[in-house]
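Coordinates only, no sequence provided:
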């Protein structure tokens, strides 16, 4: 795809999508009328030492849109298909830590093929989060 086609593909798209070098073939576009928790998740990822890439930020911004009428997340489920080694676990960890620090009595379950894979998936970043290296923003809402 040439630069001209890329500009046309992202013209009028949200800023998080416009940052992507290669826009996704299929994606739900961000609704600018809804607030999002994506920025907070990006802050958590940065505090964990792994800033989000443009595609991760786009997913976080869209998946964590909040319905202004109810105050709840707009999407109950989010499906994501990305090749291996592209940063899915980094995004998941940031969302999990954000969720646990934002909603009282939250629990997160991380599963993988085997216990060893799950342990490797979270790895040192999970230990960082458990050790409290993410700045405390105060009491959850």
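Structure's in. What do you need? The model shown is predicted, which means the values in this text are computed figures rather than measured ones. Numbering: from 1, shown residues only.

What segments of the protein are helices?
Using DSSP state H, the helices of the chain run over 3-10, 15-18, 38-47, 54-63, 88-102, 115-130.

and these, which one is worst for confidence?
Lowest mean pLDDT within the helices of the chain: helix 3-10, at a mean of 36.

Just the pLDDT at residue 76, thanks.
Reading off the model, residue 76 has pLDDT 91.

ok, residue 36 touching residue 30?
Yes. Using C-beta atoms under 8 Å, residue 36 is in contact with residue 30, at 7.2 Å. C-beta here means a position set from N, CA and C on the backbone, and glycine is covered the same way.

overlap in contacts of those two?
61, 62, 65 (C-beta atoms under 8 Å, 6 or more residues apart in numbering).

Run a quick check on the second one versus residue 24, I expect a contact.
No. With contact defined as C-beta under 8 Å, residue 62 and residue 24 do not form a contacting pair (10.4 Å).

of those two, who's got more company?
residue 62 (22 against 14; other C-beta atoms under 10 Å).

residues in contact with the more buried one?
Contacts of residue 62 by C-beta under 8 Å, 6+ apart are 16, 27, 28, 29, 30, 36, 38.

switch the cut-off to 7 Å
Residue 62 is in contact with 28, 30, counting by C-beta atoms under 7 Å, 6 or more residues apart in numbering.

Could you check how far it is from residue 111?
23 Å (C-beta to C-beta, to the nearest Å).

for residue 37, same thing?
23 Å.

between those two, who's got more neighbours?
Per other C-beta under 10 Å, whichever of residue 37 and residue 111 has more neighbours is residue 37, with 18 against 9.

What pLDDT is listed against the closest residue to the more buried one other than its chain neighbours?
In space, residue 37 comes closest to residue 64 once its chain neighbours are excluded; the distance is 4.0 Å by C-beta to C-beta, 6 or more residues apart in numbering. In this model, residue 64 is scored at 95, pLDDT.

Right, I'll call it a day here.
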